[in-house]
Every structure is written in structure tokens, then in C-alpha cells.
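Enquirer: here is my input; please provide its structure:
(one chain, ligands or ions: 2)
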Amino acid sequence: MKIKQVILRHVKLDLLHPFTTSFGTEYDKDFILVEAVGEDGTSGWAESVAMLDPLYNEETVKTNWHILEDYLIPLVLGHEIHHPDDISEQLFAHIRGNYMAKAAIEGAVWDLYAKQQNMSLASALGGTKKTIDVGVSIGIKDSIEETLEVIEARLQEGYKRFKLKIKPGWDLELIDRVRQVYPDIPLMADANSAYTLEDIDRLAALDAYNLMMIEQPLAYNDIIDHAELQARLKTPICLDESIHSLEDARKALKLGSCQIINIKIGRVGGLTQSRKIHDLCQEHGIPLWCGGMLESGVGRAHNIAITSLPNFVLPGDTAASALYWAEDLIHPEVTVQNGTITVPTGLGIGYEVDLEKVEKYTMYSKSYS
Ligand SMILES: O=C(O)CCC(=O)C1=CC=C[C@@H](O)[C@@H]1C(=O)O
Ligand SMILES: [Mg+2]
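Expert: Ligands and ions are numbered 1, 2, ... in the order given. Just a heads-up that it's a prediction; the model follows:
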């Protein structure tokens, strides 16, 4: 298959509710939507999960646009692609880092490939599940009462797992109060690197609350201190930001830095690398779940497809579109029935990209051919 045209769109969607983590608050989402057009005029779609500011990792909307325009798109345009695996394994192998930029165009090619093979993206990836269990990620709120209200609402909607953002000063009291009201719900905490080993006693105190895991407690690029912390904790550590590649995953498992990994397609450089990490973790009995980056429905569709692989055994962050957006970019929107999403069987991502909505929310676009 050959890509004859790539269109980049800078899209801006307003979040229905601000999303606060230990590193800041998002009120809306600027992101790059990638359309890859094949020789037959069929389009594949994906999105970059890089944020406007380098707060989650070092990539931003601007760095991604530059890397896509000046390096990745020229490598893809007109090149005979036998399989989407060729992109990260060959075409982009000499380009360092910039995983979210790589994933954005690789994902669009994967979608196009699946469509041309008359398959769903889930099937093309080797997915086996017909439905996936999903949880919800709840940001830092103004009060514990507000957090409890959100948990109750999501519980009524059937979500299978509740992730609470924590940071020093918004952790032990919060978890204690939630556990008083909800002693048995599947509960986890995501620190987004807000702690250091000096907080080891504070983090060990969370062992009392039967959390499923503590996600990324320490530095975003660390696996050494996480290994020391994991040896002290009863609660499994889940790594998110620290795992950028298959090699990072291999080393983290070797060191015992974590017992669970949160896969984010963008963070690890795309669907091919996500599948490789999936297979490694499956071999080592390390369970996975699919994290979220406040994606539009396009990115959500990719998350659903990768989550259909068998070792994604824990509920992920792919919640319903309606929790994030007044209008999503896909039709139908992603909906959750009693905490599960039906894996679409349509071609490619299995959702139709609504071009009117895309144009409505596009701030700027550029075509490359
Ligand atoms: O609902 C979602 O899409 C998950 C949101 C979420 O938890 C995150 C989004 C972006 C970066 C982080 O703040 C955080 C995460 O670490 O998973
Ligand atoms: Mg996280």
C-alpha cells in the first residue's frame, strides 16, 4: 500500500469538565488529527496525544507538527508499505524518540491497512475480545465531597474501576474517605510522578486501602527508584510515563519496577510497539490496561482496538465520549453499557469520522502529497 496524501489538522475541543492532575489542569484539548489517504482514496485516521504544553512528557502539539512535517510524513509518502509494522520497525527506526508523533501517523496507516484488508483494526491487531471492560479516571477535585459525587455517578453507570488522581496533600485523607463510603469498589491511584523516595512512608500507608495499584508514583523517567519502592509496597506499582518502549518495559520487568503496565499507544510509539509490549508482558504474567490521554473519539477508537488483545486484563481509561465532549468527532460516539464497550466490527477503527464536526473544530490544517 502507498500513502498518496497526509492531512494534518490542529483540532481544539472544549472539555465538558476541567481535568486536574498533579501537574496541572486541562480545560480544553488541542491535538493533531492525522488523515492518511491511500492510492484508492480511502482514508485512515489517528490522533496525536501530545499535549499543548510539555507537562506529561517532552512532546507538544508544536513539536509533533514539526516532526511529522519535516521527518515522518516525507518518509511515509509514496513509500511501498507492505505492513504497518514496517513503519516503526524500519521507516522510523533511525528517528529518536518523538513517540507520540510517530504513533499518530502509524495509527492512521494501521487504520487504512485494516480497511484495505477488509478487517476491523482490532482483528488486524490480533484482538480476540468482543467487549472490553472500562474504568474511569477522576481528576483532582475542589473537595472530597465532589470526588464522592463523581464516583457515585460513574458507579451508577457501571464503570468497572475508579482511578483517582493523587498528589502530596490530596492522597491519604481522600483515599481514606472514599474507602469509608466505598470499601469494596475497584480503586486505584495515579500520582503522575508527584512523589519521591522521601515520601516512601506516605506511599506505604496507602497499602492499608486495598488499592488495585498505584500508578507512576515517582519520576516520569525512572525505573530504579520504582524498583526500590515496589520492594517496600504491598500494593502493585503500575508504570505509565516511565515506559516509552519495548526496551523500557523489558528493563522495568527485569528490575521489578512494577507489576502492572498502563499502555498508551502514543507514549510507546504506536500500535506495533504496543503489541510488542503486550506480548512481552503476557510472557511474564504482567497484566496490562489501556490508559487515556483525553482523546477524541478517533483516539478512543484506537484504544478500544488495542484493548481487545487478550493481556489487556484490567479495565482501562477509555470512558464514554459524553464524559469529555459536548460533540465528538466520530459517529456513533463511544458509549459504555454497564462498564463495557462493544468492540466495533466495522472496517478499520469501526467508527465513521464526521467530517463536518472535524471541520467545525479544526483551527488549522495542511495537506502533504
Ligand atoms: O480519561 C482519560 O483519558 C485519562 C486521563 C488521564 O488519566 C490522564 C490523561 C493525560 C495525562 C495524565 O494526566 C493522565 C494519566 O496519567 O493517565
Ligand atoms: Mg497515568
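Enquirer: residue in this protein with the shortest distance to ligand 1?
Expert: Among all residues of the chain, Gly292 sits closest to ligand 1, at 2.4 Å; criterion: CB to the nearest ligand atom. Glycine gets a C-beta too; all of them are placed from N, C-alpha and C.
Enquirer: show me what contacts the residue nearest to that residue when sequence neighbours are not counted?
Expert: Once flanking residues are discounted, Gly292 sits nearest to Asp317: 3.4 Å by CB to CB, 6 or more residues apart in numbering. Each residue near Asp317 by CB atoms under 8 Å, 6 or more residues apart in numbering is listed here: 134-137, 163, 289-292, 303.
Enquirer: where does the residue of the chain closest to ligand 1 land in three-state SS?
Expert: Classification of Gly292 using DSSP: H, G, I helix; E, B strand; the rest coil returns coil.
Enquirer: name the residues of the stretch 251-369 of the chain found near ligand 1, please.
Expert: 291-294, 317, 319 (CB under 6 Å from any ligand atom).
Enquirer: ok, the residues you listed vs ligand 2, which is closest?
Expert: Gly291 (5.5 Å; CB to the ion).
Enquirer: surely the closest one touches Asp240?
Expert: Yes. Using CB atoms under 8 Å, Gly291 makes contact with Asp240 at a distance of 5.8 Å.
Enquirer: and for Pro18, the neighbour number?
Expert: If you count neighbours by other CB atoms under 10 Å, Pro18 ends up with 12.
Enquirer: Lys357 in helix, strand or coil?
Expert: Counting by three-state DSSP, the backbone at Lys357 sits in helix.
Enquirer: quick one, phi/psi of Thr131?
Expert: Backbone torsions of Thr131, given as degrees, to the nearest 10, read phi -130, psi 160.
Enquirer: find the nearest non-adjacent residue to Gly350, please.
Expert: Nearest residue to Gly350, sequence neighbours excluded (CB to CB, 6+ apart): Pro344, at 2.5 Å.
Enquirer: now that neighbour: which helix or strand?
Expert: Using DSSP states H and E, Pro344 sits within no helix or strand.
Enquirer: isn't it up against Ser120?
Expert: Yes. Between Pro344 and Ser120 a contact is recorded at 6.2 Å, counting by CB under 8 Å.
Enquirer: mutual contacts of those two, please.
Expert: In terms of CB under 8 Å, 6+ apart, Pro344 and Ser120 are both contacted by the residues Gly350.
Enquirer: out of the two, which sits in the more crowded spot?
Expert: More neighbours surround Ser120 than the other of Pro344 and Ser120, with 22 against 19 (other CB under 10 Å).
Enquirer: distance of that one from Asp190?
Expert: Counting by CB to CB, to the nearest Å, the gap from Ser120 to Asp190 is 30 Å.
Enquirer: ditto for Pro18
Expert: Counting by CB to CB, the gap from Pro18 to Asp190 is 17 Å.
Enquirer: what about Thr42, how many residues nearby?
Expert: 15.
Enquirer: now do it, the pLDDT please.
Expert: pLDDT for Thr42: 98.
Enquirer: which residues does it contact?
Expert: Contacts of Thr42 (CB under 8 Å, 6+ apart): 112, 115-116.
Enquirer: please flag which of those sit within helices.
Expert: Under the assignment DSSP state H, those contribute 112, 115-116 to helices.
Enquirer: need the max-distance pair from the contacts of Asp317.
Expert: Lys163 and Asn303 (14.5 Å; CB to CB).
Enquirer: which residues does stretch 240-254 contact?
Expert: Residues contacting stretch 240-254 (CB under 8 Å, 6+ apart): 56-57, 97, 99, 190, 192-193, 215-216, 219-223, 226, 239, 257-258, 261-262, 264, 267-269, 273, 276-277, 280-281, 284, 286, 291.
Enquirer: now list the buried members of the residues you listed.
Expert: 56-57, 99, 190, 192-193, 215-216, 219-220, 222-223, 226, 239, 257-258, 261-262, 264, 267-269, 273, 276-277, 280-281, 286, 291 (16 or more other CB atoms under 10 Å).
Enquirer: which of these are close to ligand 2?
Expert: 190, 215 (CB under 5 Å from the ion).
Enquirer: now, the buried ones among the contacts of stretch 240-254 that are in helices?
Expert: Short answer: the buried ones among the contacts of stretch 240-254 in helices (DSSP H) are 99, 226, 273, 276-277, 280-281.
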